[in-house]
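Student: model the structure of this input:
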Amino acid sequence: MAGNRQRDRRGTGQKRRRKRGIGNFISTLVIIIALGVFCYAGYQLVTIYFAYKAGTDEYSELEGYVNSDRETESFDGENMVENETMAEDGETETDATAGTKKLQEMENPIDFDSLLAINGDIIGWLEMEALDITYPIVQGEDNEYYLHRTFRNQENFAGSIFLDYVNNPDFYNRNSIVYGHNMKNGSMFGTLKQYGEQETYDKSPYFWIYTPDKIYKYEIFACGVVGAYSDCYKTVFSGEEDFMNFINLAKSQSYIDTGVDVKYGDTVVTLSTCTGDSETRFIVQGKRVRTYQSVPKAGGYEETEE
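Tutor: Residues are numbered from 1 along each chain as shown. Coordinates of the predicted model:
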């Protein structure tokens with residue numbers, strides 16, 4: 001009997017040890033898996049951080065091609081020239097002998113010659129003072145190429161600020177669409193959604209687009225969330241009614257009432273970014289209110305080291 005009890009105790013002890021061994025193995029395995037997940041997550045975060053940094057550093061360096069001492073526009077109405085008359089075919093009439101107003105000249109703060117040497121796809125430069133947005137605008141053969149390529153053609157999630165490939169690069173379509181990523185670090189169009197707040201709009205209801213030949217000032221008339229395939233993305237209109245339906249749709253979906261009047265014949269730029277929902281986009285739309293003839297900066301541009 002005593003021998004049987006000893007054998008039972010030994011058997012029970014062995015079972016307990018086996019259970020503890022299995023338990024220890026499972027615990028160790030869980031720890032290893034958790035460490036693996038943690039390391040992978042850490043690797044992903046580091047990768048994302050350096051990708052964000054690379055994109056931010058590149059665009060910060062490109063700001064060296066912008067003249068920080070550029071002239072500013074006076075809003076007192078003196079020496080101002082209203083937006084030029086647009087012909088039906090989209091051409092501008094600026095000949096004083098034809099009875100239209102000659103464009104006021106403005107020094108172009110952007111060193112386009114140097115930027116064109118880096119990337120021949122550059123067609124403009126966007127500035128939004130209220131949000132400190134200042135980026136080159138490129139245009140590719142489609143809307144995919146610059147989605148995840150920077151101005152210097154480096155693969156990066158930040159991509160570029162780019163004009164829709166169907167638009168004319170001179171921004172003379174009735175509606176020109178400019179895209180940019182809604183980056184979490186606030187770069188690119190990461191802060192664009194702030195225009196859904198009255199405070200941001202009141203800070204500055206304008207944005208600027210510089211091109212090698214012209215300088216355009218736009219007044220924001222609508223900003224809000226729209227469907228990814230909304231008619232707000234139309235670029236061609238059959239006539240006045242079609243265009244005004246486009247404008248009324250934009251205003252009806254705007255987060256704020258800007259009170260800005262838009263009429264047939266006005267030229268619109270739509271700035272668009274993602275929202276985190278594949279079915280919607282956030283847009284800011286402005287109408288052109290001033291056009292200047294671009295002239296080179298007096299004394300030339302400072303040389304920027306590559």
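
Student: quick one, helices of this protein?
Tutor: Using DSSP state H, the helices found in the chain span residues 2-62, 112-118, 198-203, 240-252.

Student: what packs against the second one?
Tutor: Think helix 112-118. With contacts taken as 3 or more Cβ pairs under 8 Å, 6 or more residues apart in numbering; DSSP states H and E, helix 112-118 sits against strand 122-128. Where C-beta positions appear, they are placed from N, C-alpha and C, glycine not excepted.

Student: gap between the strand it packs on and the chain center?
Tutor: Centroid displacement of strand 122-128 relative to its chain, using Cα atoms, centre = their mean, to the nearest Å, is 11 Å.

Student: strand partners (parallel or antiparallel) of it?
Tutor: Using DSSP bridges, the strands paired with strand 122-128 are strand 133-138 (antiparallel), strand 206-210 (antiparallel).

Student: who's in contact with the longest one?
Tutor: Strand 133-138 has contacts (Cβ atoms under 8 Å, 6 or more residues apart in numbering) with 59, 62-63, 66, 115, 119, 121-128, 146, 151, 160-163, 178, 180, 188-189, 191-192, 207, 209.

Student: one more time with 7 Å
Tutor: Here strand 133-138 makes contact (Cβ atoms under 7 Å, 6 or more residues apart in numbering) with 59, 62-63, 66, 115, 119, 121-127, 146, 151, 160-163, 178, 191.

Student: would you mind writing the PyMOL command to select the buried ones in the residues you listed?
Tutor: A single PyMOL command selects the buried members of the contacts of strand 133-138 (16 or more other Cβ atoms under 10 Å):
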select buried, resi 59+62+66+115+119+121+122+123+124+125+126+127+146+151+160+161+162+163+178+191
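
Student: just checking, Leu271 touches Arg281?
Tutor: No. Contact criterion Cβ atoms under 7 Å: Leu271 and Arg281 do not qualify, at 10.2 Å.

Student: ok, and the closest non-adjacent residue to Gln293?
Tutor: Nearest residue to Gln293, sequence neighbours excluded (Cβ to Cβ, 6 or more residues apart in numbering): Leu103, at 4.2 Å.

Student: how close does the one you found sit to Ala158?
Tutor: 35 Å (Cβ to Cβ, to the nearest Å).

Student: my guess is the residue nearest to Gln293 contacts Tyr292, does it?
Tutor: Yes. With contact defined as Cβ under 7 Å, Leu103 reaches Tyr292; the gap is 6.0 Å.

Student: do you know the pLDDT at Phe157?
Tutor: The score at Phe157 is 90. That number is its pLDDT.

Student: distance of Pro109 from Asn119?
Tutor: From Pro109 to Asn119 the distance is 18 Å (Cβ to Cβ).

Student: Ile32: neighbour count?
Tutor: Ile32 sits with 10 neighbouring residues when counted by other Cβ atoms under 10 Å.
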